[in-house]
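**Student:** Prediction below, plus the sequence it came from.
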Amino acid sequence: KAGVTQTPRYLIKTRGQQVTLSCSPISGHRSVSWYQQTPGQGLQFLFEYFSETQRNKGNFPGRFSGRQFSNSRSEMNVSTLELGDSALYLCASSLGFGASGGTYEQYFGPGTRLTVT
Amino acid sequence: DQQVKQNSPSLSVQEGRISILNCDYTNSMFDYFLWYKKYPAEGPTFLISISSIKDKNEDGRFTVFLNKSAKHLSLHIVPSQPGDSAVYFCAATPNAGKSTFGDGTTLTVKP
């Protein structure tokens, strides 16, 4: 099975611009989560989608948004970029969502390294 | 308030010895715990997990111990190998909820 893929792998943007990152989950996985990792920090949860619905949301401003398509692929968008948004953005997929009977193990993509100048 | 804490940012161990990575949590609603390993320039990789109904889970060289009363879990790697050198994250999940990750511990296994 192919793993989780993320595009692009690297991105350089300037302050004020907006960016869209893409994630393709493992085939058959219906849950997709997004995380932000900054140097010295753990993985900060952004949001989770399951069957095109946002199931959980982290404590990030409204500039961060996401969506999931019917084929489970997901995108996240960051508008009005700030210098502090420079980070590694990780996407993770899993079989299910909590009580739906899925497992909790997540499978991560390689991440998108976003640099805001 | 950080709900999942890995108090040791780094750990150095000699090859062949035991590595013990620790993790503390505060939320009693967490009922599933996971460890992930991360190499540079790669995403985290799932390593091992444990449900709150158990106190130990073993997979080869890796064993996770859970002490619910102390809200503490640990990952034991025996014997440690140089290829185990990576950043290790613990994560905790409540039922039907989102995973909360610690800040990670960088393990270095010296040959």
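**Tutor:** Cool, got the structure. Numbering: from 1, shown residues only, chains lettered A, B, ... in the order given.

**Student:** List the contacts of residue B:74.
**Tutor:** B:20-23, B:64-65 (CB atoms under 8 Å, 6 or more residues apart in numbering or on different chains). Placement of C-beta: from N, CA and C, glycine included.

**Student:** okay, and for chain B, where does confidence drop off?
**Tutor:** Applying pLDDT under 70 to chain B flags residues B:1, B:96.

**Student:** Around chain A, pick out the residues from it.
**Tutor:** Residues of chain B lying close to chain A (CB under 8 Å from any CB of the partner chain) are B:4, B:6, B:32, B:34, B:36, B:41-46, B:49, B:89, B:91, B:93, B:95-104.

**Student:** how does it look with 6 Å?
**Tutor:** Proximity of chain B to chain A, by CB under 6 Å from any CB of the partner chain, involves residues B:32, B:42-44, B:46, B:93, B:95-96, B:98, B:101-104.

**Student:** Turn the residues you listed into TSV, including neighbour count and secondary structure.
**Tutor:** Formatted as TSV, the residues of chain B next to chain A follow (neighbours: other CB atoms under 10 Å in any protein chain shown; DSSP: H, G, I helix; E, B strand; the rest coil):
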residue	neighbour count	secondary structure
B:32	20	strand
B:42	13	coil
B:43	23	coil
B:44	28	coil
B:46	18	strand
B:93	20	strand
B:95	12	coil
B:96	12	coil
B:98	19	coil
B:101	24	strand
B:102	25	coil
B:103	18	coil
B:104	25	coil
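
**Student:** what's the first-to-last distance across stretch B:50-59?
**Tutor:** End-to-end distance for stretch B:50-59: 11 Å, by CA to CA, to the nearest Å.
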